[in-house]
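Novice: can you look at this prediction? I've put the sequence above it.
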Amino acid sequence: MNHATAAARRADPLPLQDTSQDIWDAKYRLKNAQGEPVDQDMAAAWQRIAQALAAVEPAAKRPHWESEFRWALEQGAIPAGRICSNAGAAAYKPATSTINCVVSGTVPDAMDGIMGRLREAALTLKTGSGIGYDFSTLRPRGAPVRGAGATTSGPLSFMDVFDAMCFTVSSAGGRRGAQMGCMDIGHPDVVQFITAKQTDGRLRQFNLSVLIRREFIQAVEDDLDWPLAFPARAEELDDPQVEIIYRDFPGADAGYQRDGDGRVAQKVYSRPTARELWDLIMRSTYERAEPGFILIDEVNAMNNNWFCEEIRATNPCGEQPLPPHGACLLGSVNLTGFVNQPFTPHASFDFERFRKVVAIFTRMLDNVVEINGLPLEPLRQELFAKRRHGMGFLGLGSTLTMLRLPYGEDASVAFTEQVTRELAVTGWQTGLELAREKGPAPILDQEFEVTRQMLHQRPELATDGYQLGDKVRGRVLHARYSRYMQRLAQIDPGLVAELEKTGCRFTHHSSIAPTGTIALSFGNNASNGIEPSFSHHYFRNVIRPGRKAKEQVDVYSYELLAYRHFVDDQASPDKLPGYFVTAQDISPQAHLRVQAAAQRWVDSAISKTINVPTKISFDAFKDIYLQAVGLGLKGCTTFRYNPEVFQGVLVNAADLAETQYQFTLDDGQTLTLRGNELIDYEGETHTAANLFDAIKEGYYGRL
C-alpha cells in the first residue's frame, strides 16, 4: 500500500480540543529562551523530530528516512515525551536527554556509596529522565555502622534525602522529577516502607513498589511465617543466639558469606506472618493507592537478558524493569487512527498500515540510542550494549469503543492480544533486518561462560549438550533460551532461528507506558496506554501562568469527539451506546484479563492501573493482586479514589459532588462545602475542590 492510499483510508483527523493544544504547547512545543515558539505548529514538531532521528542515518539515506519517519509520525507513531521535547532541540536545550527510563546502579551499603548514587541521580533527573532504585541493599534501622560506634537510621531515612533532592532538582528545572523506590518483601524495614506515605508530605517524589517473590505468595496462601532478614556481619555468623537463613541478595559484595548456590547468609530480625504483611500492603493500597508490587522473580525469569543481568527495580511507572545503570527509551503507537468505519457494524482495524508504521517506528526508536543525551558513562554503556527500547501503544480503550468492543469482554481481550502480537512480531522482524544492515546489539555478539546458575535457570542448556565452562554467544542465549523468545518461536520459529544466527539490533522491543500527557496532547485525549478512558467528560484542574489558583477545564474523551464527528454532533456524555465504557464501569477482573492478554507478547512490562469503585469493600479489594499473580503479570497497581486522601488533577464529576471540603475562615469558623460548589474568592470563582487544593499547595493562605 502506498502512503497516499493509506492516508485516504485513515479516519478524518479531529481538530485538537483546547486542553490538548494547551498541554502540547506547555510540555512539548520547542521554544527559545524568551519563551517564543520554535515549533510553529504540531506539523513543525513532527518535522523537527523526523529530521533529528534521520540524521543518524548515512548521508545518502537521510532524505528517504526523514520522509518515512515524518509519515509514520503523522500516522500515529508518537515518541515518548523526552524525545518529543528534546530531539532536534540541542541548540535550545543542550543539557537534556531523549531517554525516559533509567535505573540507578546498585546502592552500596556505605555512606560514600549512597551519596555517590545521590549525585548520579541528581544529574540524571536534571536531564529529564526518570529513575528507579532498589533500597533493599541498605541495612535496617538500628543496625551497627562499622567503625563508627553508632547505628544506622535505615533505608527510609536515606530515601527522604533522595526525595528532597528530587524536589529540589525538579523545582529548579521546571519539570517534576519522577522516581521509583523499591524494597524487597524480606527486608527488615519493609513494614516502614509499606506505610511510609501515611505520613503527610513524606516521599512525595517517589512511587513505591514492593519486590515480591512466588515463595512469599506461597507463604501467604499457606499462612506461614515470613522471616525479615539482612546479610549477617561476621560476628553474627558465630553467635548461637542469631538465626541465620540463606537467601538471594543483589550485588556482588565479597564480604558476605555465601553458600554453594551463591545465596547470602542473612540474620533474621523478625518473623511476622506472610499474610500479615500481605494484608498491610493491601490495606495501604486500598487507602492510598500505594505501594504497588513487582513480581521480581517473574520479571527475571522472563527477561530476554536473563544470562547477563539481574533486575531489582523499574522506571517510575513500572513498564521498564531494568538492571543496575539500565536505560531504555519509549514510544507509543496511537491505535485510534487505524480504525476504518468507526462506530458502524463494519468497523475494522487496518493491520496492514499498522505493521508498516510499527516497522518504521522501530527503526526510528533505534536511532534515538545515538542521540541519548544521558549524563553518566555507565548509563550510556548499558544503553549502547543492549539498545533497549520499549514500543507500546496508546488509545486502546478509545479504539475498542470505535470498534464497538466493550473493554474487558472476550472480543476486546482477543483484539488486545492480536494487536500486541502484531506489534511484537513486526518489531522483531525489523530488529533482524536492522542487525543485518547495522549490526546486532553488542551484548549479543559477546561470548558468555556457562555457569552453574545458568544451568539451574535453563536445564535445556544441558539437554542441548552445554557443560559448565562452555562459551556461548549472547545471541544464542537470547533467542533460543529466553522464555519470551521461546514463546515467540511458537508462532514464528523461522524468525527466531534467524535471530539466533544473526542476532537482533536490540535485546528488548516492547513495553506499554502510561502515556498520560502524550495521549492527552498529541492523541487529543485518546485513552492512556492500555487503559479505558477515565471519563468521557471530566474536568481538569490547570494552573494558568500568572494566576494563583487552579482553573477547571472541560475535557472530552477522543471517542466522544469522534462519535460527535462521525455519528451525532449533539451526542451527550450521558446518552451513549453501551459499548462506551469508562474505567469506573469495568471490573478488576476485566482489567486484569486485558493486561494479561497484552503481557503475553510484551517483552518488558506494562504500566496499568486498575481503577476500583470508592465504595468497594476491603475484602472484595484485597485479592486483586493475588489474581494478578495467577495470571502471570509482572506487576500490578490499583487506584481507589479515597476522598480523605486524594484531590488529584483528574476529577470525576460524581466523586467531586460526593466529596466534602472543610475550610477555616479568618474568624475561626469552619465552612463545609461539596467539591463542586462554587466560591468567589479574591475576585475569582473556584469550585471548593480547586480552592482546597490551591490552599493545600500554598497558592493561598487561609480563607
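Specialist: That came in fine, so what should we check first? Numbering: from 1, shown residues only.

Novice: separation between Ile114 and Phe206?
Specialist: Using C-beta to C-beta, to the nearest Å, Ile114 is found at 16 Å from Phe206. Any C-beta I mention is one placed from the backbone N, CA and C, and that applies to glycine too.

Novice: more neighbours, these two?
Specialist: Neighbours per residue, other C-beta atoms under 10 Å: of Ile114 and Phe206, the larger number sits with Phe206, 25 against 18.

Novice: pretty sure that one is touching Met159, no?
Specialist: Yes. In terms of C-beta atoms under 8 Å, Phe206 counts as a neighbour of Met159; the distance is 6.9 Å.

Novice: spit out the residues that contact those two alike.
Specialist: Counting by C-beta atoms under 8 Å, 6 or more residues apart in numbering, the residues touching both Phe206 and Met159 are Gly181.

Novice: name the SS class of Ile78, please.
Specialist: The three-state label given to Ile78 by DSSP: H, G, I helix; E, B strand; the rest coil is strand.

Novice: what residues of stretch 580-594 count as buried?
Specialist: The neighbour-count check on stretch 580-594 (16 or more other C-beta atoms under 10 Å) flags 580-584, 586, 588, 590-594 as buried.

Novice: and stretch 411-419, by the same measure?
Specialist: Buried, per 16+ other C-beta under 10 Å, within stretch 411-419: 412-413, 415-417, 419.

Novice: need the residues you listed in TSV (columns: secondary structure).
Specialist: Formatted as TSV, the buried residues of stretch 411-419 follow (three-state DSSP):
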residue	secondary structure
Ser412	helix
Val413	helix
Phe415	helix
Thr416	helix
Glu417	helix
Val419	helix
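
Novice: for those residues, which one is nearest Leu455?
Specialist: Ranked by distance to Leu455 (C-beta to C-beta), the buried residues of stretch 411-419 are led by Glu417 at 33.2 Å.

Novice: do you know how far that closest one is from Val103?
Specialist: For Glu417, the distance to Val103 - C-beta to C-beta - is 29 Å.

Novice: and Glu460, how many neighbours?
Specialist: With other C-beta under 10 Å as criterion, Glu460 counts 11.

Novice: check contacts around it.
Specialist: Contacts for Glu460 (C-beta under 8 Å, 6+ apart) come out as Tyr481.

Novice: phi, psi for the nearest residue to Arg70 once chain neighbours are set aside please.
Specialist: The shortest distance from Arg70 to any non-neighbouring residue, by C-beta to C-beta, 6 or more residues apart in numbering, is to Ala50 (4.1 Å). In terms of degrees, to the nearest 10, the main-chain angles of Ala50 are phi -60, psi -40.

Novice: what of Val210?
Specialist: Dihedral angles of Val210 (phi, psi; degrees, to the nearest 10) stand at phi -90, psi 130.

Novice: can you list the low-confidence ranges for the stretch 451-600 of the chain?
Specialist: For the stretch 451-600 of the chain, applying pLDDT under 70 flags the ranges 541-550.

Novice: please enumerate the strands of the stretch 351-500 of the chain.
Specialist: Under the criterion DSSP state E, counting those that start in this stretch, the stretch 351-500 of the chain contains strands at 389-394, 447-449, 471-473.

Novice: among those, which comes closest to His565?
Specialist: Among the strands of the stretch 351-500 of the chain, strand 389-394 comes nearest to His565, with 19.3 Å by C-beta to C-beta.

Novice: in terms of secondary structure, what does the closest one contact?
Specialist: Applying 3 or more C-beta pairs under 8 Å, 6 or more residues apart in numbering; DSSP states H and E, one finds that strand 389-394 contacts strand 327-334, helix 351-368, helix 410-438.

Novice: check those for me and report the most buried one.
Specialist: Greatest average neighbour count among the helices and strands packed on strand 389-394 goes to strand 327-334 (a mean of 27), per mean count of other C-beta atoms under 10 Å.

Novice: biggest separation within the buried residues of stretch 580-594, which pair?
Specialist: Pairwise across those, and taking C-beta to C-beta, the largest span is found between Phe580 and Leu592, at 21.5 Å.

Novice: how about Leu673, nearest residue that isn't a chain neighbour?
Specialist: Computed as C-beta to C-beta, 6+ apart, the closest residue to Leu673 that is not its neighbour in sequence is Ala688, at 4.0 Å.

Novice: any idea which helix or strand carries the closest residue to Glu243 other than its chain neighbours?
Specialist: Nearest residue to Glu243 in three dimensions, chain neighbours excluded: Val268, at 4.1 Å (C-beta to C-beta, 6+ apart). Assigned by DSSP states H and E, Val268 belongs to strand 264-270.

Novice: ok, Leu277 - how many residues close by?
Specialist: The number of residues packed near Leu277 is 22, by other C-beta under 10 Å.

Novice: let me redo that: Ala562
Specialist: Neighbourhood size, Ala562 [other C-beta under 10 Å]: 23.

Novice: these two touch, right, it and Thr336?
Specialist: Yes. Applying C-beta under 8 Å as the test, Ala562 and Thr336 come out as touching, 7.4 Å apart.

Novice: lowest-confidence helix or strand of the protein?
Specialist: Scoring the helices and strands of the chain by mean pLDDT, DSSP states H and E places helix 3-9 at the bottom, with a mean of 37.

Novice: surely the residue nearest to Arg70 and Phe69 touch.
Specialist: Yes. Counting by C-beta under 8 Å, Ala50 does reach Phe69; the two are 3.9 Å apart.

Novice: with neighbour numbers in mind, choose between the two.
Specialist: The residue with more neighbours, out of Ala50 and Phe69, is Phe69; 26 against 23, by other C-beta under 10 Å.

Novice: list the residues that contact Trp305.
Specialist: I think there's a mix-up here, since residue 305 is Asn and not Trp. Here Asn305 is in contact with 323, 386, 443, 478, 507-508 (C-beta under 8 Å, 6+ apart).

Novice: quick one, phi/psi of it?
Specialist: Backbone dihedrals for Asn305, given as degrees, to the nearest 10, come out at phi -100, psi 40.

Novice: farthest pair within the contacts of Asn305?
Specialist: The two members of the contacts of Asn305 with the most space between them (C-beta to C-beta) are Pro323 and His478, at 14.5 Å.

Novice: more neighbours: the two, which one.
Specialist: Neighbours were counted for Pro323 and for His478 using other C-beta under 10 Å; His478 has more, 28 against 21.

Novice: so what's Ser557 up against?
Specialist: With contact set as C-beta under 8 Å, 6+ apart, Ser557 has these partners: 398, 525, 527, 533-537.

Novice: can you get me a residue count around Pro108?
Specialist: Other residues within reach of Pro108 by the criterion other C-beta under 10 Å amount to 16.

Novice: my guess is it contacts Thr137. True?
Specialist: Yes. In this structure, Pro108 is within contact of Thr137 by C-beta under 8 Å, at 7.0 Å.

Novice: now do the shared contacts for these two.
Specialist: What both Pro108 and Thr137 touch, as defined by C-beta under 8 Å, 6+ apart, is the set Gly251.

Novice: need the helices and strands packed on strand 389-394 in CSV (columns: distance to Asp239).
Specialist: Below are the helices and strands packed on strand 389-394 laid out as CSV (distance: least, C-beta to C-beta, whole Å):
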stretch, distance to Asp239
strand 327-334, 42
helix 351-368, 53
helix 410-438, 52
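
Novice: could I get those as TSV with distance to Leu277 and mean pLDDT?
Specialist: As requested, these are exported to TSV (distance: least, C-beta to C-beta, whole Å; pLDDT from 0 to 100):
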stretch	distance to Leu277	mean pLDDT
strand 327-334	31	97
helix 351-368	39	98
helix 410-438	32	98
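
Novice: wait, which of the ones you listed is closest to Asp279?
Specialist: Minimum separation from Asp279 across the helices and strands packed on strand 389-394 (C-beta to C-beta) falls at helix 410-438, 30.2 Å.

Novice: many thanks, we can stop here.
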